[in-house]
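Engineer: what shape does this take:
(one chain, ligands or ions: 1)
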Amino acid sequence: MLMRIGGTETASLDEVWIEVKNPATGELIDRVPAGRNEDAALAVDAAEAASGSWKKKTMRERGMILFRAAEKVREQHKDLARLLTMEQGKPLHESIDEVRGYANILEFYAGISAHQSGEFIRLGSSGDGLVVREPLGVCGAIIPWNMPVLIMGWKVGPVLLAGNTLVLKPASTTPLTNIRLAKILDESGLPPGVLNVITGRGEEAGEGLVRHPGLRKISFTGSCATGMKIRELASHHLKEVTLELGGSDPMIVLNDADVDRAVEGAVRGRFYNAGQTCTAVKRLYVQEAIAEVFIRKLKERTSTLNVGNGLGPKTDMGPLNSSGQRDLISRAVEDLRENDHGTIITGGCALKGKAYEQGWFYRPTLVTDIVPGSPLVTEEIFGPVLPVMTVPNLETAIREANNSRFGLGASVWTSNMHSARKAFDEIHAGIVWVNRHLTIPPEIPFGGVEGSGIGRENGQDALDSYSRTKSLVMGW
Ligand code: NAD
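Structural biologist: Presented below is the predicted three-dimensional model:
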């Protein structure tokens, strides 16, 4: 597939390609241009050229295009989901969820387009004041491979509705569904150049985009290390940033929780998308009185998970997205073993056998008896490995939950509303769930605190973050 610049399909200037392979089979699915600096510049130019007429459209006109695109995405959701599974690895039912989630986001922003207004302020003898919102101009979005479709929606919906134009750079292992979705937006009436997609490696196409002086804002989702670099680069031209970075979400299960429900929550929370979710449950704290039964049930349920090709009808968990990702997980577990940092009670190795030879499969893994300070708890583990710790009470659980440089999400599982309220008030995180984990509807602002980022996706917050106020004072 080719990049999309100015509404047309384009190869990179020097015709170098990146292969996109199926992580379950190693098969080549397609190739995309390895875009560079110059390609990023062409895309920003195209976005700049489209900017003037796009911002003159009304919010409602822009919203209608998003709405039409959502309709087309729903019509094509099976094909899109299949393509997503082939490039990313996740089970087909998860890809279908994700594609529908993308359509939900576009519809949400189309829906709120009718409710946007400015402010009129009477200033007495000074006259009258008018405050309106105007778009920032050309924005850039750089996204990762774990949820490429959903995260594209988080950027595209508010950026375009606010009247900006956009250059999107997908991750190099998962560009295909993003390009198809951009084409659907173009076919839904988006004028050429309003949304451009450049493919390529982060250090080349990505950095080229962030450095470009024509960009007014960069919205990045990915690792903390890259996020910090992007913030530094963006500061050179005082570009605005949204940074959605890594997380190490705690899940706290109290004695009065519904144990079976919490077990399901932990399994889904950790092993959904093979553990490659920013808000996955990455540390589990269970209160002592129910720990034994909870851990036994969690182990039983985890060992029933069917790991395989995401296109298989019975697959619960697919492969990791790349060999590099699987190596990271294998190394983290090997280090744990070598340093005697915990007890692996299930999993703890790659899957073996003919069906798994060509793919990046890893067993769902549970670890107990974790030594304090183990990297399995202090670092973000982006794969299917769950450390389970016991705690005497909620206070200790909250203290442990907050003992992290991250602050993305957290959940508490309890039937006591005072405990739930205390956890909500005291845990450092952008979102706290009670008796669930992972759910992020488009209405709910989402983002991190502390090391997990700056800014919010979703909701009115995201829309406002892609525009600025402009004020008028009228003397009579
Ligand atoms: P990554 O930082 O390696 O890559 C993300 C994107 O940045 C890719 O498109 C990549 O090509 C690009 N990139 C890499 N180096 C770059 C550079 N120097 N300049 C510009 N662009 C560059 O992250 P990843 O490993 O792909 O993603 C996993 C991480 O993303 C995890 O830490 C996860 O928690 C985080 N994440 C966060 C959220 C959130 O909303 N907070 C959502 C999903 C994933």
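
Engineer: ok, whatever residue of the stretch 51-200 of the chain ends up closest to the ligand - contacts?
Structural biologist: Residue nearest to the ligand within the stretch 51-200 of the chain (Cβ to the nearest ligand atom): Pro144, separated by 3.3 Å. Backbone N, C-alpha and C define where each C-beta goes, glycine included. Pro144 makes contact with 151, 171, 221-223, according to Cβ atoms under 8 Å, 6 or more residues apart in numbering.

Engineer: now the residues you listed in CSV, with neighbour count, distance to Val16 and secondary structure?
Structural biologist: Shown next, in CSV, are these (neighbours: other Cβ atoms under 10 Å; distance: Cβ to Cβ, whole Å; DSSP: H, G, I helix; E, B strand; the rest coil):
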residue, neighbour count, distance to Val16, secondary structure
Ile151, 27, 26, helix
Ala171, 24, 17, coil
Thr221, 27, 25, strand
Gly222, 22, 23, coil
Ser223, 16, 24, coil
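
Engineer: mind putting those residues into TSV with pLDDT and distance to the ligand?
Structural biologist: Below are these laid out as TSV (pLDDT from 0 to 100; distance: Cβ to the nearest ligand atom, whole Å):
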residue	pLDDT	distance to the ligand
Ile151	98	6
Ala171	98	4
Thr221	98	5
Gly222	97	3
Ser223	96	3
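
Engineer: what about the helices in the stretch 251-400 of the chain?
Structural biologist: Assigned by DSSP state H, counting those that start in this stretch, the stretch 251-400 of the chain shows helices spanning 259-271, 288-303, 323-338, 375-378, 394-402.

Engineer: buried stuff in the first one?
Structural biologist: Applying a neighbour-count criterion of 16 or more other Cβ atoms under 10 Å, the buried positions in helix 259-271 are 259, 262-263, 265-271.

Engineer: how about that helix, does it reach the ligand?
Structural biologist: No. Applying Cβ under 6 Å from any ligand atom, one finds helix 259-271 separated from the ligand by no less than 13.5 Å.

Engineer: how about the third one?
Structural biologist: No. Shown here: helix 323-338 not in contact with the ligand (Cβ under 6 Å from any ligand atom), separated by at least 7.8 Å.

Engineer: could you find the closest non-adjacent residue to the most centrally placed residue in the chain?
Structural biologist: For the chain, Ile151 is the residue whose C-alpha lies nearest the centre (Cα atoms, centre = their mean; 4.8 Å). By the measure of Cβ to Cβ, 6 or more residues apart in numbering, the closest residue to Ile151 outside its immediate chain neighbours is Ile143, 4.6 Å from it.

Engineer: ok, now Val263?
Structural biologist: Lys297 (4.7 Å).

Engineer: contacting residues around Ile198?
Structural biologist: Ile198 neighbours (Cβ under 8 Å, 6+ apart): 3, 5, 35, 39-40, 43, 167-169, 205, 209.
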